[in-house]
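Undergrad: got a structure for you, letters missing:
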């Protein structure tokens, strides 16, 4: 059976006794492809690499040359339809004359949809508090050897199972990083999987947030200082002026009253002296009576 990849021949730049650095490898649209769907494997090497060889552990291989111009670089090996034969572990190389680059990291290309749909559930509940433990269970009516649990956007976790016993995936203590949508697959091998289970959403709540940092309010949104009202200012000035005027009036009145008392006392003293000097016995009024206010007609 011919290998369903586009094979192209090319040569790499010679590097006199020095092997090329390892190329990178990835699959699109994903490394897990439903049966019968198209896919592609990309190999990309260092600058100057013009030839790539793609190999699988199952013995398949292909050569490829980058199509020009390619802004992305590397070479694309298309797969018309995913099957059991095209699933497997792949690596790519860059030959340089008689030398070869280091192999790329392995790419596990998986075909899905080969068995029935498994059932996935989580205990105790799909919504838990941070710090608790949860357990995922995956079961498939058809007996399989291995189950895989995947979180969208994350790596897969494998778990063995015997017979029709559900596979158990303990998890915890959980944090907000465990929040997400999970699916599981049953498999007879690492590269041939069942249909995906229905999604199960795990929600982790109650994780302590970091203490908020308080920042001073600034910028155009900061409240401006309250402006004084001009009417209140004027009233305050008038009140202060009135208080000063009252104080001055009181001081002046005190001064005038003191002066008046002083003059009045001096006048009475002088009158008493005059009376003592020229008392009029015939009047029948003594000087003490006169000083007390008794009217005297003549001295």
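TA: That came through fine. In this text, all values refer to a predicted model and were calculated from it rather than measured experimentally. Numbers count the residues shown, from 1 in each chain.
Undergrad: show me where pLDDT drops low in the chain?
TA: 1-20, 48, 67-73, 96-97, 162-163, 207-237, 240, 260, 262-299 (pLDDT under 70).
Undergrad: try it again at 50.
TA: 1-17, 69-71, 209-230, 232, 271-283, 287, 290-291, 294-299 (pLDDT under 50).
Undergrad: for it, what's the longest strand?
TA: strand 180-189 (DSSP state E).
Undergrad: in that strand, what's buried?
TA: 180, 182, 183, 184, 185, 186, 187 (16 or more other C-beta atoms under 10 Å). In this view, the C-beta of every residue, glycine as well, is placed from N, C-alpha and C.
Undergrad: next structured bit after it?
TA: For strand 180-189, the following helix or strand on the C-terminal side (DSSP states H and E) is strand 192-193.
Undergrad: and that following strand, what does it pack onto?
TA: strand 107-112, strand 180-189 (3 or more C-beta pairs under 8 Å, 6 or more residues apart in numbering; DSSP states H and E).
Undergrad: ok, residues contacting the longest strand of the chain?
TA: 112, 115-116, 118, 120, 122, 136, 138, 140, 142, 144-154, 167, 169, 193-202 (C-beta atoms under 8 Å, 6 or more residues apart in numbering).
Undergrad: just want the angle from it to strand 107-112.
TA: With axes from the mean of the first three to the mean of the last three C-alpha atoms, to 10 degrees defining the directions, strand 180-189 sits at 90 degrees from strand 107-112.
Undergrad: still on that earlier bit, among the helices and strands packed on strand 192-193, which is nearest residue 132?
TA: The closest of these to residue 132 is strand 180-189. By C-beta to C-beta, the value is 15.9 Å.
Undergrad: what lines up beside the closest one in the sheet?
TA: strand 146-151 (antiparallel), strand 192-193 (antiparallel), strand 200-205 (antiparallel) (DSSP bridges).
Undergrad: make JSON lines from the helices and strands packed on strand 192-193 and add distance to residue 257 to it.
TA: Rendered in JSON lines, the data for the helices and strands packed on strand 192-193 read as follows (distance: least, C-beta to C-beta, whole Å):
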{"stretch": "strand 107-112", "distance to residue 257": "113"}
{"stretch": "strand 180-189", "distance to residue 257": "95"}
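Undergrad: go through these and name the closest to residue 56.
TA: So among those, strand 107-112 is nearest, using C-beta to C-beta, at 8.3 Å.
Undergrad: buried ones in that closest one, by neighbour count?
TA: Buried-residue list, strand 107-112, by 16+ other C-beta under 10 Å: 107, 109, 110, 111, 112.
Undergrad: other residues contacting it?
TA: Under C-beta under 8 Å, 6+ apart, the answer for strand 107-112 is 25-27, 31-35, 39, 41, 82-84, 86-91, 185, 190-196.
Undergrad: neighbours of residue 153, just the number please.
TA: 7 (other C-beta atoms under 10 Å).
Undergrad: cool, and the one 3 residues further on?
TA: Using other C-beta under 10 Å, residue 156 is surrounded by 17 other residues.
Undergrad: having no further points to raise, I will conclude here.
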